[in-house]
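Engineer: Provided below for reference: sequence and predicted model.
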Amino acid sequence: MPGLTGKHPLAYLPRQCMDELYRAIADPTRRAILDELADRDGQSLFELCGRLTMKHGIGSSRQAISQHLEVLESAGLVVVRREGRYKFHWFNRGPLRSINDRWPQTDGGSEDA
Amino acid sequence: MKISYASVAVDDQEKALRFYTEVLGFQTKHDIPMGQHRWITVVSPDDPEGTELCLEPDEHPAVKPFKAALVEDGIPFTGFAVDDVASEHERLTALGVRFTQPPTEMGSMVTAVLDDTCGNLIMLAQGTMA
């Protein structure tokens, strides 16, 4: 019975963190970045930019994408890990749980809402 | 005018020659002593009279930070055409080659990105820009 056993701790994120989270996913380019990381996690900036251009028609500069990644990173949705000389971006879905925990699905609710 | 050669800046010419010939499968075209370095070029066995790739020492002070910044962001500065990216990925991975991007469909192309062990990322591409 989800919802009765207590909310996920992330539901109690400080308000500032919640603001950053909602701001991060309010932008369509940043949502496309998360879509692509969901397709394959652990991408370089180059691969992400290629996918955004070729699959989403997003022609933003590498620098602009880099700035979007910084917003996602500060919201906790993207984690950057260095592996030797490379830098890869990973999708962290943890903070998204706080959204569902705040307004959990009720029994009569539509799954597609 | 035609393009006779292009260069990759390598941290060790001998190591690079082995990688570009024994692993990638190119042929040595020139290997001429030039002072403390060598003039080394390789060509594709499919096109031995075609464009040469020069394995150039990367010791100019501007080159290493440039290469490191590209590698950090996963950017390949040089690319090779292959018939089948997936089979090359499989063949090269078995030889211990590290890919920073596995074969990925990018519009009309399939691309992958590998590390040449000499400080460069290389794109393998199949197909052409639509």
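Structural biologist: Received the coordinates, thanks.
Engineer: Would you state the helices of the chain in chain order?
Structural biologist: Just so you know, I chose chain A. Counting by DSSP state H, chain A has helices at residues A:15-25, A:28-39, A:45-56, A:62-74, A:94-102.
Engineer: Hmm, no, I was thinking of chain B.
Structural biologist: Under DSSP H, chain B gives helices at B:13-18, B:63-72, B:85-94.
Engineer: wait, B:Glu52 sits on B:Asp31?
Structural biologist: No. The criterion here is Cβ atoms under 8 Å, and B:Glu52 misses it with B:Asp31 at 11.7 Å. No exception for glycine: its C-beta is placed from N, CA and C like everyone else's.
Engineer: higher neighbour count, these two?
Structural biologist: Neighbours were counted for B:Glu52 and for B:Asp31 using other Cβ atoms under 10 Å in any protein chain shown; B:Glu52 has more, 20 against 13.
Engineer: Could you pick out the residues of chain A near chain B for me?
Structural biologist: Contact residues, chain A versus chain B (Cβ under 8 Å from any Cβ of the partner chain): A:40, A:43-47, A:50-51, A:54-55, A:62, A:85-88.
Engineer: Briefly note if stretch B:58-74 comes near chain A.
Structural biologist: Yes. Interface with chain A: stretch B:58-74 contributes B:68, B:71-74 (Cβ under 8 Å from any Cβ).
Engineer: Repeat that for stretch B:6-17.
Structural biologist: No. Judged by Cβ under 8 Å from any Cβ, stretch B:6-17 stays clear of chain A, getting no closer than 11.7 Å.
Engineer: Quick check: B:Val113 touching B:Gly74?
Structural biologist: Yes. Using Cβ under 8 Å, B:Val113 makes contact with B:Gly74 at a distance of 6.4 Å.
Engineer: which regions of chain B sit below the pLDDT cut-off?
Structural biologist: Low-confidence segments of chain B, defined by pLDDT under 70: B:129-130.
Engineer: Where do the strands of it begin and end?
Structural biologist: Counting by DSSP state E, chain B has strands at residues B:5-10, B:27-34, B:37-43, B:52-57, B:78-81, B:99-106, B:109-115, B:121-126.
Engineer: any shared contact partners between B:Val113 and B:Gly74?
Structural biologist: By Cβ atoms under 8 Å, 6 or more residues apart in numbering or on different chains, B:Val113 and B:Gly74 have these common neighbours: A:44, A:46-47, B:100-101, B:121.
Engineer: could you dump those to CSV with distance to B:Thr21 and neighbour count?
Structural biologist: Shown next, in CSV, are these (distance: Cβ to Cβ, whole Å; neighbours: other Cβ atoms under 10 Å in any protein chain shown):
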residue, distance to B:Thr21, neighbour count
A:Ser44, 27, 22
A:Phe46, 26, 23
A:Glu47, 28, 25
B:Thr100, 22, 23
B:Gln101, 24, 24
B:Leu121, 19, 26
